[in-house]
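K.L.:
Give me the fold of what follows.
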Amino acid sequence: MHTQKAIIIGSGIGGMAAAIRLAVQGFTVTVYEKNDQPGGKLSALKKDGYSFDAGPSLFTQPQNIEELFLLAQEPINDYFTWQSVPVACKYFYENGKIVQAHTNANKFAQELKEQLNESPETVKAYLTQSEKLYNNIGTLFLNNSLQKTNTWVNKKIVSALKTFRFGYLFKSLNQHNNKHFSSPEAVQLFNRFATYNGSNPYKAPSMLSVIPHLEQNQGTFYPNGGMISITNALYKLAIKKGVQFYFDMPVQQITHHKKLVNGVVVNNEKVMADVVVSNADVYFTYKNLLGNMYKAKKVLKQERSSSALIFYWGINKSFSQLQLHNIFFSKDYKNEFDNIFVHKQLTGDPTVYINITSKIESSQCPDGKENWFVMVNAPANTGQNWEQLKIVARNNVISKLSRMLGQNIEGLIETEHTLDPIMIEAKTDSYMGSLYGTSSNSVLAAFFRHANFTNAIKGLYFCGGSVHPGGGIPLCLKSAKIVSELIANDYKK
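P.N.:
I've put the predicted structure just below:
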C-alpha cells in the first residue's frame, strides 16, 4: 500500500498546523523551510539580557491550538500553557483620557461610562452584536472554503443569511462605529480593530466589527514563555507525529504534470509528493515556485495590507501605569490611515502600540527593567527610503511617548533592534512586507482572497496569512484546518 506523501513549503504557524493535521491523517509529511528555524513571523529575539517576541504579540482563541493537540491525542499541558489576561489593552488618548479594556463585558461597559460617558447598555449591545455576527456569519466564512459549492449548500448558510445585513459589506467600520458610539474616543477604540488584518477602518467593511468579539468577549491570553512558545509547542508536536523538517532548505520549484502536482525541487533535486501545501506568500508561490507571472500579477490586483515598523527597546525603568498591551492613539486617526494607504507614507503623529511581556513574566528582562516591543503601522514597501523613515519615526515615537508618559524615554533605551517592511519581506517572504497579505479595504475583499486550493493544479494547496481566511494566528490556524479538510475530501477515494 502506497503511503501518501505531503510536502509543506514553509514552517509558519499555518504550515506547521497543516503538517500536524496531515500526519494525523496518515500522510508522510516533510516540511522545507528557508530559514534556520520554524515559526515564520512568530519568532523571538534575545539581546543584552532582554527577550522579545519578534512578531505577533496578541494571543486569542487558544481553542485553535487545543484542537490540534486533541486531534493528535497529545496532552497539551506537556507542551504549552497559557493564562488569561483581565485587561485586553490599555488605551491612552492625546487629550489625557485613559481607558482599560477589561475582558469582562460589565467592567468594560462601566469603564467606558466612567471615562467616555458611553451608555453601558450600548457597549454591551455592541459586543453582543459582535458575538452574533461571529457565530452566525464569521464562523461560516472563516472555517470553510468560499470556493466550494458545499459551503453554500450548507444548511447553516440559511440561518447565516437571515442575520446578514448589507450594511456589513457596504458601510465602513468607521460609519458603523459612529452610529453606535457618541464619543470620538470610543469610535477610535473600535476602529482600531481594522488594523488586526492590516486594513483601513474608513474603507474596510463593518463586517470587521466581528473582531472585538475575539478579544473582548472570548478573552485575551498570554502564552507562558512568550509567543515563541506557540511556535515551540507546534514544532514539538509535529516532530512527535513524525513530521520531518529541513531548515535552510528553500524550495526552488513546485513541479506538476498534466495539471497534477508531483513534487518540488530542493537543492536542485526533485522530491516527489502526492500533495504540496504552500505556506509561503501566495504571490511568491506563483512568481518564484510556479513561474506563473500572470497568476502572480492577478494576486496583486488586491490591495496589499499595511506593514509595520517595530522597535525592540530594553528600557531601564519599570512603568507601573503600563500593561501587557498598550495603545497611544494618534490625534487624527483618519489622516494616519490616509498616509498609510493613499500616500504610502508615515504620519508625523502615529498611533503607537507597546507590548511588554515582562509585565507578566519578569524573567523576560533584567530586574526593574522592561522589554518594550514598540510598533507603528506602516505602508507596505513600494520603494520608500526606510532608513530615513525609521529615523523620523523613531523621533516621533519617542517624543510622543515622552510627552504622554511624562518621562524622557530616549534616555532609558539600553538596547535596541528594529524591523522594517524590507526586513519583514526578506525574512518571511511576505511580498512588500505586508503583514497580512491583502487588505480588507474593499467590499468583497474576503471573496477575492486566494482560495486554499487551485483548480489549475490538482494536489496543490495554500495556507497561511496571504490566502483565505486571512492573516493573524487564529486565521492561519483555520487556513490549515480548511486545507486538511480539502485534502481529506480529495484523497479519501
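
K.L.:
Could you list which residues are in contact with the residue nearest to residue 185 when sequence neighbours are not counted?
P.N.:
In this structure, residue 185 finds its nearest non-sequential neighbour in residue 116, 5.0 Å apart by C-beta to C-beta, 6 or more residues apart in numbering. Placement of C-beta: from N, CA and C, glycine included. Residues near residue 116 by C-beta atoms under 8 Å, 6 or more residues apart in numbering: 97, 99, 183, 185-186.

K.L.:
one more time with 10 Å, if that's ok
P.N.:
Applying C-beta atoms under 10 Å, 6 or more residues apart in numbering to residue 116 gives the contacts 91, 93, 97, 99, 123, 181-187, 189.

K.L.:
Quick check: pLDDT value at it.
P.N.:
Looking at residue 116, its pLDDT stands at 98.

K.L.:
That one and residue 189: what is the separation?
P.N.:
8 Å (C-beta to C-beta, to the nearest Å).

K.L.:
show me where pLDDT drops low in the protein?
P.N.:
The model of the chain has pLDDT under 70 over residues 1, 146, 149, 151-169, 443-447, 493.

K.L.:
tell me the phi and psi of the residue nearest to residue 359 when sequence neighbours are not counted?
P.N.:
Leaving aside its sequence neighbours, residue 359 sits nearest to residue 324 (C-beta to C-beta, 6+ apart; 4.8 Å). Taking degrees, to the nearest 10, you get phi -60, psi -50 for the backbone angles of residue 324.

K.L.:
cool, residue 414 as well?
P.N.:
Main-chain dihedrals, residue 414, degrees, to the nearest 10: phi -90, psi -30.

K.L.:
before we move on, what about the one 5 residues further on?
P.N.:
Residue 419 adopts backbone torsions of phi -140, psi 130, taken as degrees, to the nearest 10.

K.L.:
Could you report the neighbour count for it?
P.N.:
21 (other C-beta atoms under 10 Å).

K.L.:
Next, count neighbours for residue 413.
P.N.:
Using other C-beta under 10 Å, residue 413 has 16 other residues around it.

K.L.:
show me the contacts for it.
P.N.:
For residue 413, the contacting residues are 311, 313-316, 372, 374, 394, 398, by C-beta under 10 Å, 6+ apart.

K.L.:
wait, which of these is closest to residue 485?
P.N.:
Residue 485 lies nearest to residue 374 out of the contacts of residue 413, by C-beta to C-beta, at 39.0 Å.

K.L.:
ranges for the helices of the stretch 351-493 of the chain?
P.N.:
With helices called from DSSP state H, counting those that start in this stretch, the stretch 351-493 of the chain shows them at 386-405, 421-428, 445-448, 473-491.

K.L.:
Of all those, which one comes closest to residue 21?
P.N.:
Proximity to residue 21 (C-beta to C-beta) singles out helix 473-491 among these, at 3.6 Å.

K.L.:
Any quick ChimeraX command for the buried ones out of the contacts of residue 116?
P.N.:
Remark: buried members of the contacts of residue 116, expressed as a ChimeraX selection using 16 or more other C-beta atoms under 10 Å:
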select :91,93,99,123,181,185,186,187,189
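
K.L.:
Inside strands: which ones of the contacts of residue 116?
P.N.:
The members of the contacts of residue 116 that map onto strands under DSSP state E are 91, 99.

K.L.:
And residue 262, its phi and psi?
P.N.:
In terms of degrees, to the nearest 10, the main-chain angles of residue 262 are phi -140, psi 10.

K.L.:
count of residues packed around the nearest residue to it once chain neighbours are set aside?
P.N.:
Residue nearest to residue 262 in three dimensions, not counting chain neighbours: residue 255, with 5.5 Å by C-beta to C-beta, 6+ apart. Using other C-beta under 10 Å, residue 255 has 18 other residues around it.

K.L.:
would you say residue 255 is within a helix?
P.N.:
No - membership of residue 255 in a helix is not supported by DSSP: H, G, I helix; E, B strand; the rest coil, which gives strand.

K.L.:
Quick check: the closest residue to residue 12 other than its chain neighbours vs residue 234, distance?
P.N.:
Leaving aside its chain neighbours, residue 12 sits nearest to residue 40 (2.8 Å; criterion: C-beta to C-beta, 6+ apart). According to C-beta to C-beta, residue 40 and residue 234 sit 11 Å apart.

K.L.:
helices or strands up against the helix or strand hosting residue 21?
P.N.:
In the assignment (DSSP states H and E), residue 21 maps to helix 13-24. Contacts defined by 3 or more C-beta pairs under 10 Å, 6 or more residues apart in numbering; DSSP states H and E place helix 13-24 against strand 5-9, strand 28-32, helix 63-71, helix 228-240, strand 244-246, strand 275-278, strand 460-462, helix 473-491.

K.L.:
buried stuff in the third one?
P.N.:
So the one you mean is helix 63-71. For helix 63-71, the neighbour count (16+ other C-beta under 10 Å) marks 64-65, 67-69, 71 as buried.

K.L.:
same thing with the last one?
P.N.:
By neighbour count on 16+ other C-beta under 10 Å, the buried set for helix 473-491 is 473-487, 491.

K.L.:
That one packs against which elements?
P.N.:
Packing partners of helix 473-491 (3+ C-beta pairs under 10 Å, 6+ apart): strand 5-9, helix 13-24, helix 63-71, helix 139-143, helix 228-240, strand 275-278, strand 460-462.

K.L.:
chain center to the last one, what's the gap?
P.N.:
Average the C-alpha atoms of strand 460-462, do the same for its chain, and the two points are 20 Å apart (C-alpha atoms, centre = their mean, to the nearest Å).

K.L.:
Stretch 199-207 now?
P.N.:
Put simply, stretch 199-207 sits 16 Å off its chain's centre (C-alpha atoms, centre = their mean).

K.L.:
what's the first-to-last distance across that stretch?
P.N.:
One end of stretch 199-207 to the other measures 12 Å (C-alpha to C-alpha, to the nearest Å).

K.L.:
can I get the buried residues of helix 63-71 in a markdown table with distance to residue 433?
P.N.:
Formatted as a markdown table, those follow (distance: C-beta to C-beta, whole Å):
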| residue | distance to residue 433 |
| --- | --- |
| 64 | 25 |
| 65 | 27 |
| 67 | 31 |
| 68 | 29 |
| 69 | 33 |
| 71 | 33 |
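
K.L.:
Adding distance to residue 266, write the helices and strands packed on helix 13-24 out as TSV.
P.N.:
What follows is the helices and strands packed on helix 13-24, written out as TSV (distance: least, C-beta to C-beta, whole Å):
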stretch	distance to residue 266
strand 5-9	9
strand 28-32	6
helix 63-71	26
helix 228-240	18
strand 244-246	7
strand 275-278	12
strand 460-462	16
helix 473-491	21
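
K.L.:
Which among the ones you listed is found nearest to residue 130?
P.N.:
Minimum separation from residue 130 across those (C-beta to C-beta) falls at helix 473-491, 15.0 Å.

K.L.:
for the helices of the stretch 351-493 of the chain, which one sits closest to residue 147?
P.N.:
Ranking the helices of the stretch 351-493 of the chain by distance to residue 147, with C-beta to C-beta as the measure, places helix 445-448 first at 9.0 Å.

K.L.:
before we move on, the earlier item: out of the contacts of residue 116, the closest to residue 368 would be?
P.N.:
Nearest to residue 368 out of the contacts of residue 116 is residue 91 (C-beta to C-beta; 25.9 Å).

K.L.:
Quick check: the residue nearest to residue 262 touching residue 270?
P.N.:
Yes - counting by C-beta atoms under 10 Å, residue 270 is a contact partner of residue 255 at 6.6 Å.
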